[in-house]
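S.K.: sequence isn't available, so here's the structure alone:
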């Protein structure tokens, strides 16, 4: 028996009827009817979202994060010629210069030649555990965090889903 659902229905009825009865007592009939309809729709909507026959409210049972980005946190995917890379547009690096951020003079039409402005490792959906360890090590060396791979201090990977351009594409660079 789902006690949360029973409590939700009970509270919905009490809140709805209390409000509607107060409006009826103050001779605001149209406001009471409108309130009854709106409360009914709102409580139905949230009831459908929260109680879908699972018996549990707000429990996420999948792996976290559900998807792992192609690039480390706050880095942006950039295709440099035929190479898939990640670039730092805002200066999130904490390692003292291993990955330099792009300046205002650096543009996609005129990308910088300096290799230290590119993080050349991309996460793919088919990455194996060894690839994930390598990505974790490289992100830590560059002073980056990568949700689902590293928290900046240690490796945290468990999932291998990918989010980003060319996700799952065979022409995305793997760690070697």
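M.R.: Received, thanks. Predicted model only: the values in this text are computed from it and were never measured. Numbers count the residues shown, from 1 in each chain.
S.K.: tell me the domain ranges of this protein?
M.R.: With domains defined by automatic domain parsing, the chain comprises 3-50, 62-176.
S.K.: ranking the ones you listed by burial, who's on top?
M.R.: domain 62-176 (a mean of 16; mean count of other C-beta atoms under 10 Å). The C-beta positions use only the backbone N, C-alpha and C, and glycine is treated the same way.
S.K.: weakest of the domains of the chain by average pLDDT?
M.R.: If you rank the domains of the chain by mean pLDDT, domain 62-176 sits at the bottom with a mean of 79.
S.K.: so how far is it from its chain's centroid?
M.R.: 16 Å (C-alpha atoms, centre = their mean, to the nearest Å).
S.K.: could you measure the residue of the chain most remote from its centre against residue 90, distance?
M.R.: The outermost residue of the chain relative to its centre, with distances by C-alpha atoms, centre = their mean, is residue 27 at 48.5 Å. Distance, residue 27 to residue 90, using C-beta to C-beta, to the nearest Å: 59 Å.
S.K.: got the contact list for the residue farthest from the centre of the chain?
M.R.: Listed by C-beta atoms under 8 Å, 6 or more residues apart in numbering, the contact set of residue 27 is empty.
S.K.: quick check: it vs residue 11, distance?
M.R.: 27 Å.
S.K.: swap in residue 144?
M.R.: From residue 144 to residue 11 the distance is 46 Å (C-beta to C-beta).
S.K.: then residue 98?
M.R.: From residue 98 to residue 11 the distance is 55 Å (C-beta to C-beta).
S.K.: do residue 146 as well
M.R.: Taken as C-beta to C-beta, the span from residue 146 to residue 11 is 42 Å.
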